[in-house]
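K.L.:
model this:
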Amino acid sequence: MGEIQEFETLPQHQHVYYKITSGSIAFSVKGDGHAVVGLAKKPGDKCEYWIVIGDNQCWLERDGAHKSYLCNISNIFSYDVYGSFWISWHSAFLKFGKTSDGVPVISKKISAKNIQYVTFFTYATRGRLLWKLYVPPKLPKLVLKEVKKGGMEWIKRSNPLP
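P.N.:
Next comes the predicted model:
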């Protein structure tokens with residue numbers, strides 16, 4: 001299993017980047033203001049996409065300039081109750097949704113590849129947000145061993161798999 005990173009964002013704070021190689025994240029947020037999740041290729045880079053959540057709506061921005069896919073959702077998150085969300089960015093699609101139903105609220109075909117970093121911040125001049133990021137476990141890269149002698153063959157199992 002992975003781990004839970006809990007942190008707080010305030011306006012004008014430096015952005016912290018988290019490396020995510022799985023192509024998706026799950027997180028929860030509560031507080032005052034708009035919550036923003038940025039997706040980048042490298043830490044410190046300009047984010048390729050921004051997902052903005054707050055005031056009973058959410059939207060997607062590309063390079064912080066073009067706003068698209070504005071969705072109205074009542075009670076998206078509040079000051080005292082965490083709202084849980086997920087984002088995935090694989091198979092050339094960026095998807096965002098609430099964890100409660102698993103149905104994407106935003107689904108957009110994207111051209112950016114190699115997105116491996118996410119950052120979180122407050123999109124306002126005041127207020128603070130509390131976050132919980134569910135970080136997937138780091139899977140070791142397995143080293144393949146070459147077969148040097150003999151041959152390989154399929155063997156039928158005599159008993160069923162558990």
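
K.L.:
where does the most centrally placed residue in the chain land on pLDDT?
P.N.:
Centroid check for the chain by CA atoms, centre = their mean gives Ile25 as the closest residue, at 3.2 Å. pLDDT, Ile25: 93.

K.L.:
isn't Pro104 right next to Lys95, touching?
P.N.:
Yes. Contact criterion CB atoms under 8 Å: Pro104 and Lys95 qualify, at 4.2 Å. In this view, the C-beta of every residue, glycine as well, is placed from N, C-alpha and C.

K.L.:
just to revisit the earlier point, how about the residue nearest to the centre of the chain, phi and psi?
P.N.:
As for Ile25, its main-chain torsions (degrees, to the nearest 10) stand at phi -140, psi 160.

K.L.:
neighbours of the spatially closest residue to it that is not a sequence neighbour, just the number please.
P.N.:
Once flanking residues are discounted, Ile25 sits nearest to Ile87: 5.4 Å by CB to CB, 6 or more residues apart in numbering. Around Ile87 there are 21 other residues, counting by other CB atoms under 10 Å.

K.L.:
Next, the contact list for Ile87, please.
P.N.:
Residues near Ile87 by CB atoms under 8 Å, 6 or more residues apart in numbering: Ser24, Ile25, Phe27, Val37, Leu39, Ile51, Leu94, Lys95, Phe96, Val118.

K.L.:
distance between the lowest-mean-pLDDT helix or strand in the chain and the chain's centre?
P.N.:
Lowest mean confidence among the helices and strands of the chain (mean pLDDT, DSSP states H and E): strand 66-72, at a mean of 73. The chain centre lies 18 Å from the centre of strand 66-72; the measure is CA atoms, centre = their mean, to the nearest Å.

K.L.:
which neighbours does it have in its sheet, and in what orientation?
P.N.:
strand 57-62 (antiparallel) (DSSP bridges).

K.L.:
Name the residues that touch the strand it pairs with?
P.N.:
In contact with strand 57-62 (CB under 8 Å, 6+ apart) are residues 48-52, 67-73, 76, 94, 96, 105-106, 108.

K.L.:
buried set for that strand?
P.N.:
Within strand 57-62, the residues that count as buried by 16 or more other CB atoms under 10 Å are Cys58, Trp59, Leu60, Glu61, Arg62.

K.L.:
measure the second one to Val135 for me?
P.N.:
In this case it means Trp59. For Trp59, the distance to Val135 equals 25 Å [CB to CB, to the nearest Å].

K.L.:
go on, Lys98?
P.N.:
20 Å.

K.L.:
try Ser22
P.N.:
Taking CB to CB, one finds Ser22 at 9 Å from Val135.
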